[in-house]
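**Q** Test case, fold it:
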Amino acid sequence: MPKSVSPVADLRAALHALAGMIDGVAFELPGGAQSRRNELCKEASWGINEYLLPRLGDLDAPLVAVLIGSTGSGKSTLLNSIARQQVSIPGVVRPTTTMPIVWAHERHAVRYGDDFLAGYGSDGLPIDLEIGTEQILDGLTLIDAPDFDSVVEGHRQMADDLLAVADVVVFVTSAQRYADAVPWEFLDKARSRAVPILFVVNRIPTGSADLILDYRRLLGDKGFTLDQRFFEIAEQAIESAIGALPVSAVADLRARLNAMADTSGRSAVLEASIRGAIEELSRRTAELEGAVLNEEQEAEALRSVANETYERQIAEVSRSLASGELIRGEVLQRWQAFVGTGELIKAVGAGLSRLSAWTRRVLGGAEAGAKMRKDARSELRDVLVRRADLAASATAAAWELDPAGSELLSNRSLWRHADETEERADQAIEDWLIGLSELIEGAGESKKRTAQVASYGVNGLAIAVILGVFLQTGGLTGTEMGVAAGAAAAQQKILEHLFGSAAARSLIETARSRLEMIACGVLQEDGSRFGGIIDERIRALPESGQLRSAFSRVSDLTEAWNGV
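**A** As a prediction, the model looks like this:
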């Protein structure tokens, strides 16, 4: 194996592999969780592609400090105050900041239109890039983010995305807004990334000491470190020419940013931010793995409903075959008229010679045999189609009660059998009927039996086998009982005479077994539509454990990395 170029190169390669896997994931099963699951993919991918990979690819680049806050918190004024020039234009109309405003050193400006923050460059949403030469910019780039509580959804998303790429967060609030719910939700996101946070309370009116103490207490209760990270800025006049506060108002904050931007401070901040981003990636990868498992379980539940309803119909076909109930009513009466029950019973009672003559005359004729085969084929096809309809409607009714299943049913003809099922059933039954002739021919083990089979006619004997398969007396009463008993007696006498009792029973059981298999195949094929729809929706999910395995490689290489 070739020697690695560097631990950082190995780590970036592992992150590339994980990002590629995440980018290939798509949660396509509809339902209430679909949007959030796909959002997880986007968040994890964004963190890798927009922060970790660019940052690890250029560890000497300046820190990225993002000013994040609620509407009206004074972020734009704060940026101008730190810059000591008008970088961002404050205003009374909210929201003021509608795109990321990037204040960067002229030597580093190219980064923000090429690789880093590419999503906000020429290929995506615009950024307002402001160039400077101040010393602080040599080790730190400042970005004024749109408000995270903006009425414009796109602005909120930009704030989320910029949080994901920040090395430092400057969290700006006001004495009036610090207790709002949204800022705390955003702070939870920042903490999960383990990114260093500087807390700025801006526009503090006189007499707000108790409010500031309460805010500090709340932050401490949440576990945030405030040592040299908490800054208070009183309400005061703004220098209108540059839209900034007096130098003294932001001196402590600017000094803290300078300390973070120098060589030693920058390395510590950068390493903590990178490791924090990878810890957050670990949580998101685990959450993605869970989402994949949940989607697979939901899909399997829908698939199981379809399988179970079709299996019930398959079982019912098998049961009705065994009991003699599969073909009843009119078709049985047609067969009664065809074989002539009275004459048949006389033939059975008169002995084998009379029965043989009756069999050759009634069952052996080409026209009679063709009619019997046609009736059997038509009736069996109709039975299977009816069973497919019952299974399809039961499955669709169950799916309709499930959010994902209900949407999958939309604009689909799933409440009845598939369009091709009738033709498929017809062909399968024809294949079964052809197979009966092959069974009979194979049952003749001697020249004598082969000659006897030939004398009766294979088609005639095939009809005898059909009667043996269907005309069981279980569950029959009245006239149907008499018809079935007579026909069953006839076929039994004929087949036992030719093949022997055991072979005759085996012949019928084999034919019945093959018919069950054919019926099973037709119904399963009809039911496969439901599974096919599900397969289409989960084809982009990785195999279990793949995401976690890919992240484990990232984690191992992070541990081996010596830092900045």
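**Q** what's around residue 164, how many residues?
**A** 21 (other Cβ atoms under 10 Å). Just so you know, the C-beta spots here come from the backbone N, C-alpha and C atoms, and that holds for glycine as well.
**Q** secondary structure class for residue 32?
**A** Following DSSP: H, G, I helix; E, B strand; the rest coil, we place residue 32 in the coil state.
**Q** Begin at 34, not 1, for the rest of this chat.
**A** That works, and once the first residue is 34, the last one we named lands at residue 65.
**Q** Return the residues in contact with the residue nearest to it when sequence neighbours are not counted.
**A** The shortest distance from residue 65 to any non-neighbouring residue, by Cβ to Cβ, 6 or more residues apart in numbering, is to residue 436 (5.9 Å). Contact analysis of residue 436 by Cβ atoms under 8 Å, 6 or more residues apart in numbering lists 63-65.
**Q** And these, which is closest to residue 230?
**A** Nearest to residue 230 among the contacts of residue 436 is residue 65, at 32.7 Å by Cβ to Cβ.
**Q** so how far is residue 333 from the closest one?
**A** Separation of residue 65 from residue 333 (Cβ to Cβ, to the nearest Å): 18 Å.
**Q** The two: who's more crowded?
**A** Neighbour count, other Cβ under 10 Å: between residue 65 and residue 333, residue 333 has more, with 13 against 8.
**Q** For that one, grab phi and psi.
**A** Backbone torsions of residue 333, given as degrees, to the nearest 10, read phi -70, psi -40.
**Q** for residue 134, same thing?
**A** Torsion angles, degrees, to the nearest 10, at residue 134: phi -100, psi 120.
**Q** And the one 10 residues further on, by the same measure?
**A** Summarising the backbone geometry of residue 144 under the convention degrees, to the nearest 10, its torsions are phi -60, psi -30.
**Q** ranges for the strands of this protein?
**A** Assigned by DSSP state E, the strands in the chain fall at 96-102, 134-138, 161-165, 173-177, 201-207, 230-237, 263-267.
**Q** now the nearest residue to residue 90 once chain neighbours are set aside: how far from residue 219?
**A** Distances taken as Cβ to Cβ, 6+ apart place residue 45 nearest to residue 90, at 6.4 Å, with adjacent residues excluded. Going from residue 45 to residue 219 by Cβ to Cβ gives 29 Å.
**Q** what does residue 99 give?
**A** Residue 99 is 12 Å from residue 219, by Cβ to Cβ.
**Q** Give me the common contacts of these two.
**A** Joint contacts of residue 99 and residue 219 (Cβ under 8 Å, 6+ apart) are residue 196.
**Q** The two: who's more crowded?
**A** Using other Cβ under 10 Å as the criterion, residue 99 and residue 219 rank with residue 99 on top: 26 against 21.
**Q** I'd guessed the more buried one sits against residue 203; true?
**A** Yes: contact status for residue 99 versus residue 203: in contact at 6.9 Å, counting by Cβ atoms under 8 Å.
**Q** any common contacting residues for those two?
**A** Joint contacts of residue 99 and residue 203 (Cβ under 8 Å, 6+ apart) are residue 175.
**Q** now the helices for the stretch 334-483 of the chain?
**A** 363-372, 374-383, 385-395, 399-433, 436-442, 454-476, 480-489 (DSSP state H, counting those that start in this stretch).
**Q** What residues sit buried inside stretch 190-199?
**A** 191-199 (16 or more other Cβ atoms under 10 Å).
**Q** looking at this structure, which helix or strand is least sure?
**A** Within the chain, confidence by mean pLDDT, DSSP states H and E is lowest for helix 374-383 among all helices and strands, at a mean of 51.
**Q** re earlier: so the residue nearest to residue 90 touches residue 91, yeah?
**A** No: in this structure residue 45 lies outside contact range of residue 91 using Cβ under 8 Å: 10.9 Å.
**Q** quick one, which of the two is more surrounded?
**A** Neighbour count, other Cβ under 10 Å: between residue 45 and residue 91, residue 45 has more, with 21 against 13.
**Q** From the chain's centroid, how far away is stretch 319-327?
**A** The chain centre lies 10 Å from the centre of stretch 319-327; the measure is Cα atoms, centre = their mean, to the nearest Å.
**Q** Please save the CA atoms from it in PDB.
**A** C-alpha atoms of stretch 319-327 as PDB (Å, rounded to 0.1, in the frame of the first residue of the first chain):
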ATOM      1  CA  ALA A 319     -25.600   8.300  13.500                       C
ATOM      2  CA  GLU A 320     -28.900  10.200  13.000                       C
ATOM      3  CA  LEU A 321     -28.700   9.400   9.300                       C
ATOM      4  CA  GLU A 322     -28.100   5.700  10.000                       C
ATOM      5  CA  GLY A 323     -31.200   5.800  12.300                       C
ATOM      6  CA  ALA A 324     -33.200   7.500   9.500                       C
ATOM      7  CA  VAL A 325     -32.100   4.900   7.000                       C
ATOM      8  CA  LEU A 326     -33.200   2.100   9.400                       C
ATOM      9  CA  ASN A 327     -36.500   3.800  10.100                       C
END
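**Q** Give me the residues contacting it.
**A** So stretch 319-327 is contacted by 55, 58, 60, 66, 70, 73-74, 77, 574-575, 577-578, 580-581 (Cβ under 8 Å, 6+ apart).
**Q** ok, 7 Å please
**A** 58, 60, 70, 73-74, 77, 574-575, 577, 580-581 (Cβ atoms under 7 Å, 6 or more residues apart in numbering).
**Q** Please list only the buried members of the residues you listed.
**A** Using 16+ other Cβ under 10 Å as the threshold, 58, 60, 70, 73-74, 77, 574-575, 580-581 are the buried ones among the contacts of stretch 319-327.
**Q** sorry, back to before: now do the residue nearest to residue 65 against residue 452, distance only.
**A** 27 Å.
**Q** what does residue 444 give?
**A** Taken as Cβ to Cβ, the span from residue 444 to residue 452 is 15 Å.
**Q** same deal with residue 353?
**A** 26 Å.
**Q** Those two: which is more packed in?
**A** Taking neighbours as other Cβ under 10 Å, residue 353 and residue 452 compare with residue 353 leading, 19 against 9.
**Q** Just the pLDDT at the more buried one, thanks.
**A** Confidence at residue 353, expressed as pLDDT, is 82.
**Q** nearest spatial neighbour of residue 194, skipping sequence neighbours?
**A** residue 79 (6.0 Å).
**Q** Quick one: low-confidence residue ranges for the stretch 34-183 of the chain.
**A** 34-38, 123-130, 146-159 (pLDDT under 70).
**Q** Count the neighbours of the residue nearest to residue 194 for me.
**A** Neighbours of residue 79 using other Cβ under 10 Å come to 17.
**Q** Also residue 220?
**A** Neighbours around residue 220, by other Cβ under 10 Å: 20.
**Q** Likewise for residue 457?
**A** Neighbours of residue 457 using other Cβ under 10 Å come to 20.
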